[in-house]
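pasted the sequence and its predicted model underneath.
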Amino acid sequence: MKKVNIGGQAVLEGVMMKGPDSYALAVRKPDKEIEVKVTPYRSIGEKHKGLSIPIIRGVVNFVESLYIGMKTLMDSSEYFVEEDEAAAGKKAENKASNEKKSEKSSSDTAYLIGTLVVSIAIAVGIFMLLPAFVTSFLYKVTNNNFVVNLAEGLLRLAIFLGYVAAISLMKDIKRTFMYHGAEHKTINCMEAGLDLTVENVRKSSRFHKRCGTSFVFIVMFISIFVFMFVSTDVLWLRLLSRILLIPLIAGISYEFIRYAGRHTNACSNVLSAPGLWVQRLTTREPDDSMIEVAIKSVEGVIDWKEYVECVRNNSFE
């Protein structure tokens, strides 16, 4: 068996896990049953080798992760929309459409892509352009590009951490963060060579080096250094440069996370430390029912027993 890195995401009352050739969505439905939906998926980078080179592969992975993440988040919400419709006496009216919910029409895809584009635009506006706009006024008191860009980077980090801290107070988000913890614990348990039982997973760490939270934090950090090379006090050029350099920053950040996730040494530990700290905000200790969901999601994409056996015997191909 080849060694693979399993990644995932918390969704509404569930967990998505992405394996080497598919991703699985496991959701705890309102009737307390766990439903697992497995979708075959092959990365564009694997189909086109030119997209698998360093930096470029990071951009590709980032876009694919956003697409799959948004899709599975929307899919998970469908289970609870149906429950609300049933409670309102509308289930019969929607029976025909519910029977075909697995058939994704072109309009569904267009809506998903549209939602993704809008979400990215909002994120870029808040976390990239807003700090650049606000700190541009510093040029009225100093011409030091280093000072202005450093202030921009620190403001960007402050906005990000403030946003995460604020949403962590919401009840639904707290549950999502608990599922996020279950996702990390399950992956850590498997990668440590332990059987995926609720007891073993419960004892595992809820922090993981390859977490998306760590990636976003690294993006914020890397942007400080990349933007140091853009020396201009012309506002529209500063804002344009922030947009144009996003792919480069995402690609570099991916390589950092990839290195840190595959190595255990002083360098990788230093690179991972800030992201692991932020995960104290974006993960919570899950209950056993959430751990069960995460285990089911892993089982949808990989034979974890074979994987664990390879870890124990160090017998990966």
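Structure's in. What do you need?

show me where pLDDT drops low in this structure?
Scanning the chain for pLDDT under 70 picks out 82-109.

centroid-nearest residue for it?
Compute the mean C-alpha point of the chain, and by Cα atoms, centre = their mean the closest residue is residue 212, 3.8 Å away.

was I right to think that residue contacts residue 62?
No: in this structure, residue 212 is not within contact of residue 62 by Cβ atoms under 8 Å, at 9.7 Å. Backbone N, C-alpha and C define where each C-beta goes, glycine included.

what packs against the helix or strand encompassing residue 184?
Assigned by DSSP states H and E, residue 184 falls within helix 171-191. Applying 3 or more Cβ pairs under 8 Å, 6 or more residues apart in numbering; DSSP states H and E, one finds that helix 171-191 makes contact with strand 7-11, strand 14-18, helix 198-203, helix 266-282, helix 288-299, helix 304-313.

show me how far it is from its chain's centre.
The chain centroid and the centroid of helix 171-191 are separated by 12 Å under Cα atoms, centre = their mean, to the nearest Å.

likewise stretch 33-43?
For stretch 33-43, the distance to the chain centre is 17 Å (Cα atoms, centre = their mean).

only C-alpha atoms, please: export that stretch in CSV.
The C-alpha atoms that make up stretch 33-43 are tabulated as CSV, following Å, rounded to 0.1, in the frame of the first residue of the first chain:
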residue,chain,number,x,y,z
GLU,A,33,-28.4,7.7,11.7
ILE,A,34,-25.1,8.2,9.9
GLU,A,35,-25.3,8.5,6.1
VAL,A,36,-22.1,8.2,4.1
LYS,A,37,-21.9,9.4,0.5
VAL,A,38,-18.7,8.6,-1.4
THR,A,39,-17.8,10.5,-4.6
PRO,A,40,-15.0,9.4,-6.9
TYR,A,41,-12.6,12.2,-7.6
ARG,A,42,-9.2,12.5,-9.2
SER,A,43,-7.1,15.7,-8.8
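
what are the contacting residues of that stretch?
18, 21-29, 60-61, 64, 68, 75, 79, 292-293, 296-297, 299-301 (Cβ atoms under 8 Å, 6 or more residues apart in numbering).

how about that stretch: buried residues?
34, 36-39, 43 (16 or more other Cβ atoms under 10 Å).

let me know the closest of those to residue 150.
When these are compared for distance to residue 150 (Cβ to Cβ), residue 43 wins out at 36.1 Å.

distance check, that closest one against residue 289.
If you measure residue 43 against residue 289 using Cβ to Cβ, to the nearest Å, the figure is 32 Å.

now do the closest residue to residue 261 other than its chain neighbours against residue 275, distance only.
Spatial nearest neighbour of residue 261, excluding adjacent residues (Cβ to Cβ, 6 or more residues apart in numbering): residue 210 at 4.1 Å. Applying Cβ to Cβ, the value for residue 210 to residue 275 is 9 Å.

helices of the stretch 51-200 of the chain, residue ranges please.
Ranges of helices in the stretch 51-200 of the chain, per DSSP state H, counting those that start in this stretch, are 56-87, 95-99, 106-124, 130-135, 145-167, 171-191, 198-203.

can you say which of these is packed in most?
helix 171-191 (a mean of 22; mean count of other Cβ atoms under 10 Å).

let me see the contact set for the residue nearest to residue 12 when sequence neighbours are not counted.
In space, residue 12 comes closest to residue 76 once its chain neighbours are excluded; the distance is 4.2 Å by Cβ to Cβ, 6+ apart. Contacts for residue 76 were tallied using Cβ under 8 Å, 6+ apart; they are 11-14, 16, 25, 27.
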